Structure formats: C-alpha cells, structure tokens
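>>> Just to be clear, the model below is a prediction. Sequence and coordinates:
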Amino acid sequence: MSKSLLLSLLLSFSMITYSQTTWQVCVAEPDAGVCGGGQVGVFTPGNLVIQQGDMIEFTSHNIFLGGYSLSWHDIQFAGSPANNVMLQVPNVFEPPNSVTTPPFNTPGIYQMECHDFTHCLLSAYLCDGYTVEVQGSCAVTADFTTTALDFCTGDIIDFTNTSNGASSYIWHLDEFTFATTTDAVLSFGSAATHDIELIADDGAGCLDSTTITINIDQASDAGSDNSNIFCNINDSIDLNTLLDGDLGGNWNETTSSGQFNATSGFLDYTDLTEDDYSFEYVVPGVGVCPNDTAIIDIEINQEPHLAFNFSNVNIASSDSLYIDFTLTGVNGSATYVWNYCDGNFSTDNSPFWHKFDTAGTYCVCVQVNNGNGCVETFCDSNIVVFDDAGLDLLNEIDFSIYPNPANEKVNLKFGSINESVIFELRDVNSRLISTEEIYSTIYSFDVSSIEPGIYFISILSEKGRTTKSLVVR
C-alpha cells in the first residue's frame with residue numbers, strides 16, 4: 001500500500017444539540033474533492049466530541065488502497081467493540097455507501113482504527129490519529145413559564161426561567177434575539193402570533209432549548225374618561241363627539257335622565273333637572289381581551305337669563321340711563337360684570353342708573369356668572385347719547401313719543417295742554433326739518449319720507465322748551 005495515501009474524514013454536524021445526534025463523517029481520497037463541499041464542520045484528529053447516546057454515520061466515496069479496490073474495510077474504535085462498523089468500499093462509478101455506529105452509551109475517549117478486509121490493522125493509515133470523545137449526557141434542561149399563552153396588545157408579559165444546569169441564556173422572538181438575561185419581558189403593540197424560544201447553555205458545550213407559541217389579540221380602547229358641564233338651555237349633545245377611542249361600542253346611561261338615546265348617543269338636556277348624569281361607552285373585547293369602557297360624566301347646571309327693560313335707549317348727554325333688567329335662572333351667588341363701551345365697568349346686581357359723559361353710540365353689556373360653570377353675556381349695543389348743550393331743556397311740558405324708533409307715523413301725546421304749542425323737528429345738526437302749531441293733546445306726523453337717523457323733537461310754549469330724541473329707521 002502507498003504510504004502517501006491518506007484517508008480523509010470530514011464531518012458535517014449541527015452546532016447545538018438538543019437530543020440524540022447522528023454525526024456525519026465523509027471517507028474519501030484526500031484529493032477526491034467530494035467531502036469538502038457544503039460541509040458545516042471538519043473532523044480533525046483528536047477533536048471529535050460527541051454526547052453520550054450519539055452515533056456516527058460514515059459515508060465512503062470510492063477509495064483505492066495500494067492501487068486496487070478492496071471490497072470491504074473496517075473502521076473500529078479501540079476499547080469499544082460495540083461500535084465497530086464494516087464500511088464497504090465501492091467501485092469508481094458506484095454511489096457512496098453509508099454505515100452508522102450503534103449509540104456511544106459509555107463516556108470516554110476512543111481511538112479509531114482502520115482494518116483491511118481480513119480485519120488486519122492498517123497501522124500505516126492516519127485513522128490511528130483520530131479519537132472520539134464521548135461526554136456524559138448533558139444535564140442542561142431549558143424551560144420557562146408564563147402566565148398564559150394568549151395576551152392582549154399592551155400587556156406586560158413576564159417569562160420566568162425555570163431551566164436547570166445552565167450558566168447563560170439566549171431568548172429568541174421568532175428568529176431574532178431579544179434578551180440574554182435569566183428572565184425576560186415583552187409587550188406587543190399589534191396583534192400577531194409569535195414563537196418564544198429559550199436556549200440554555202452550560203458553558204461546556206451542552207445546550208438545550210424549548211419553544212412556546214403565544215397569541216396577541218388587539219386590545220379594545222374606548223378612550224379616555226371625560227367630564228363636561230352643560231347648561232340647561234334648549235339643546236342636545238352628541239356624546240360620540242366626546243370620545244377619543246375606538247368606534248363600534250355601545251352606550252349605556254348609568255343614571256336616569258330619561259332623555260338619552262342609547263342607540264344614537266344623543267342627550268337632549270332641554271329643561272333637564274340640574275344634576276350629574278353618567279354614561280358608559282363599552283367597546284367589546286377581541287379574543288381574550290376584555291371589554292374597555294369610557295366613562296362620560298355630564299353635569300347639567302342652571303343657566304342664567306337676563307332681559308333688559310329699557311324705556312328709552314336715546315338720551316341726552318345731561319341725563320342718565322336707567323338700566324332696568326329682569327333675571328331668571330340666576331343663582332343667589334351669581335356675579336356680574338357690566339360694560340358700557342365708554343371705558344367704565346361695574347358689578348351691580350340690581351337695576352341702577354348710569355351716566356354717559358359725552359355724546360355717541362354706546363352699549364350696555366353684562367356677563368353673568370352663576371358660579372356653576374354656566375356663564376352668559378347679554379348686550380344692547382345701540383345706546384344713543386345726543387348732545388343737548390345748545391338746547392333749552394326746561395322739561396316743563398310733559399309729552400311722550402311713540403313708537404320710538406319709528407319708520408312711518410309718529411305720535412305725540414301730551415299730559416295736558418292749555419294753550420297752543422309749537423312743534424319742531426330737527427336733525428342732529430339742529431337743522432329744522434318740520435314745524436307746526438299744535439292745539440290738541442295728541443299730534444301725529446309722518447317720517448316715512450325722511451332719512452333714517454337721530455332727530456330731535458322740541459315743544460315750545462311760553463313756559464320754555466322741552467326736547468326729546470326720535471330714532472327714524
């Protein structure tokens with residue numbers, strides 16, 4: 001036999017062993033090129049380490065010994081007769097032939113030997129340099145627990161490690177590592193199914209793994225709880241507009257307003273009793289996820305109402321305006337802020353007088369705060385103050401003007417008249433528009449043909465002059 005002939009043994013193996021493993025060894029001429037391609041690992045002298053219970057599969061690829069083909073040859077393991085195998089040497093064009101050893105059940109180191117077909121030791125072969133180390137069975141057991149297999153998005157999922165015999169760990173979420181700690185925690189934002197794998201390693205070549213599958217359902221979100229104050233005016237509210245979560249839920253009133261439509265979510269609070277009302281919006285859960293509920297609290301409070309009772313909104317600059325008003329729905333603790341559009345403010349809570357210093361158009365506005373979240377503003381912005389500095393106002397002639405404002409016929413009514421008086425109608429620039437001598441206690445005239453605006457009516461007698469304003473619309 002040629003001493004240059006070397007027997008090549010190449011090994012393909014898995015890096016992590018979880019159970020009994022069969023190790024694959026390729027047998028061929030060193031230059032045949034059939035063992036190197038695609039192999040994961042290489043069997044080298046003294047470097048094959050297997051676990052107790054593992055086996056070795058030898059595959060022969062057309063070996064020529066001494067220039068001629070042998071029909072059979074042996075591969076044996078000194079000290080372990082139970083693992084002797086007979087490996088057939090095929091002809092050149094025959095397919096590879098494989099044979100597998102029995103399990104190596106006894107830990108130890110075994111020397112490989114090559115024999116010829118007569119079972120004689122081929123001491124010149126390098127088989128003699130190869131050993132197989134059989135380690136005792138791995139004591140590593142990978143295991144972990146969790147509270148369930150079905151969860152909801154947003155849940156904090158704890159994985160508790162219960163492995164034995166390991167010194168380090170790798171956690172996989174599907175195919176990706178997410179932790180190397182003893183225990184692990186996950187939370188998911190979307191619904192899906194995931195595989196969680198734990199790999200336990202003793203640091204000496206023994207590893208074990210275990211995998212569980214968890215399911216994540218989409219959690220329901222009814223949105224935030226909400227509180228609102230409404231005032232009992234003639235109105236309604238769509239409670240759906242107060243939601244900020246998922247749609248598709250169901251409404252339920254937990255109080256008894258008697259004016260809530262649970263199908264549409266509309267609350268009609270017209271004249272509803274001042275009170276607190278509570279409503280639930282429930283979004284059904286998916287899978288194991290529970291229903292989610294948003295609580296909508298509505299506080300119905302008394303709304304203030306104010307009505308002005310002005311007898312005259314056109315006054316002379318020398319007069320004061322009597323601000324008369326009627327209140328309804330106003331609490332005893334209500335506060336008032338009055339504004340007259342002249343730079344002055346007050347907080348009066350009953351009818352009062354206000355004097356405007358100069359001629360112009362002003363307002364009387366008030367904000368009434370009931371102290372319960374209900375605040376209303378009432379305003380009359382057509383208060384006309386005219387300058388009467390050039391008019392002789394003795395106010396000794398008693399008369400009234402109606403209607404005022406007017407757009408057609410205007411009536412003057414005198415309390416009493418013992419003599420004729422002179423009627424004058426002037427514009428804001430004191431230009432005379434019309435004049436007439438009056439003998440009766442009721443006098444009518446037409447203003448439909450004059451321009452809209454502010455005019456002044458003066459009544460002159462021997463006793464003096466009385467002037468009042470007229471608004472023509």
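Structure received.
>>> which is the next helix or strand following whichever helix or strand residue 110 is part of?
Assigned by DSSP states H and E, residue 110 falls within strand 108-115. Downstream of strand 108-115, the first helix or strand assigned by DSSP H and E is strand 131-135.
>>> Show me what that following strand is packed against.
In terms of contacts (3 or more CB pairs under 8 Å, 6 or more residues apart in numbering; DSSP states H and E), strand 131-135 is packed against strand 48-51, strand 108-115. The way it works is simple: take the backbone N, C-alpha and C, and place the C-beta from them, glycine included.
>>> centre of the chain versus stretch 163-181, how much separation?
Distance of stretch 163-181 from the chain centroid (CA atoms, centre = their mean, to the nearest Å) equals 33 Å.
>>> Name the residues of it that come out as buried.
163, 166, 169, 170, 171, 172, 173, 179 (16 or more other CB atoms under 10 Å).
>>> what's in contact with the host helix or strand of the third one?
Meaning residue 169. Per DSSP H and E, residue 169 falls inside strand 168-173. Strand 168-173 has contacts (CB atoms under 8 Å, 6 or more residues apart in numbering) with 159, 161, 163, 177-182, 184, 186, 194-201, 203.
>>> Return the subset of those lying in strands.
159, 161, 177-179, 184, 186, 194-201 (DSSP state E).
>>> Just the buried ones from those residues?
159, 161, 179, 184, 186, 194, 196, 197, 198, 199, 200, 201.
>>> What residue, apart from its backbone neighbours, is nearest residue 229 spatially?
residue 373 (3.7 Å; CB to CB, 6 or more residues apart in numbering).
>>> A strand includes that neighbour, no?
No: going by DSSP: H, G, I helix; E, B strand; the rest coil, the assignment for residue 373 is coil, not a strand.
>>> My guess is residue 384 contacts residue 469. True?
Yes: between residue 384 and residue 469 there is a contact under CB atoms under 8 Å: 7.0 Å.
>>> Which neighbours do those two have in common?
Joint contacts of residue 384 and residue 469 (CB under 8 Å, 6+ apart) are 314, 315, 454.
>>> which SS class is the last one?
The reference is to residue 454. With three-state DSSP as the criterion, residue 454 reads strand.
>>> Can you get me a residue count around the residue nearest to residue 229?
Neighbourhood size, residue 373 [other CB atoms under 10 Å]: 15.
>>> Phi and psi next, for it.
Backbone geometry at residue 373, expressed as degrees, to the nearest 10, gives phi 90, psi -10.
>>> which ones are touching it?
Applying CB under 8 Å, 6+ apart, the residues contacting residue 373 are 229, 231, 299, 301.
>>> mean confidence score for the host helix or strand of the third one?
Secondary structure here is read from DSSP H and E; on that basis residue 299 sits in strand 292-301. Strand 292-301 shows an average pLDDT of 96 in the prediction.
>>> quick one on the thing from earlier: nearest to residue 137, out of the helices and strands packed on strand 131-135?
strand 48-51 (6.4 Å; CB to CB).
>>> any low-confidence regions in the stretch 301-450 of the chain?
389-396 (pLDDT under 70).
>>> how about a cut-off of 80?
Applying pLDDT under 80 to the stretch 301-450 of the chain flags residues 311-314, 388-397, 415-419, 428-430.
>>> which residues of it fall in strands?
Secondary structure of the stretch 301-450 of the chain (DSSP state E, counting those that start in this stretch): strands at 305-308, 314-316, 321-323, 325-328, 335-339, 345-346, 352-354, 360-369, 375-386, 399-402, 409-414, 421-427, 432-438, 442-446.
>>> For the longest one, which strands pair with it and how are they oriented?
By that I understand strand 375-386. strand 314-316 (parallel), strand 360-369 (antiparallel) (DSSP bridges).
>>> Correct me if wrong: residue 100 contacts residue 75.
No: judged on CB under 8 Å, residue 100 makes no contact with residue 75 at a distance of 11.4 Å.
>>> middle-most residue in the chain, spatially?
Residue closest to the mean C-alpha point of the chain, counted by CA atoms, centre = their mean, is residue 245 at 7.1 Å.
>>> Hmm, that residue is touching residue 295, no?
No: using CB under 8 Å, residue 245 is not in contact with residue 295; the gap is 11.8 Å.
>>> Who is residue 177 paired with across the strands?
What pairs with residue 177, by the bridge criterion (DSSP bridges), is residue 172.
>>> what's the distance between the most far-flung residue of the chain relative to its centre and residue 241?
Here the chain reaches farthest from its C-alpha mean at residue 419, the gap being 85.2 Å by CA atoms, centre = their mean. Distance, residue 419 to residue 241, by CB to CB, to the nearest Å: 71 Å.
>>> Check residue 308 too.
34 Å.
>>> Equivalent analysis for residue 251, please.
From residue 251 to residue 241 the distance is 13 Å (CB to CB).
>>> who has more neighbours, these two?
residue 251 (19 against 7).
>>> Contacts only, for that one.
239, 260, 262, 263, 265, 279, 280, 281.
>>> Could you verify that residue 465 is part of a helix?
No: assessed with three-state DSSP, residue 465 is strand; it does not lie in a helix.
>>> How many residues are close by it?
Residue 465 has 18 nearby residues by other CB under 10 Å.
>>> ok, the residue nearest to residue 286 when sequence neighbours are not counted to residue 288 distance?
Nearest residue to residue 286 in three dimensions, chain neighbours excluded: residue 217, at 4.9 Å (CB to CB, 6+ apart). Distance of residue 217 to residue 288, given as CB to CB: 6 Å.
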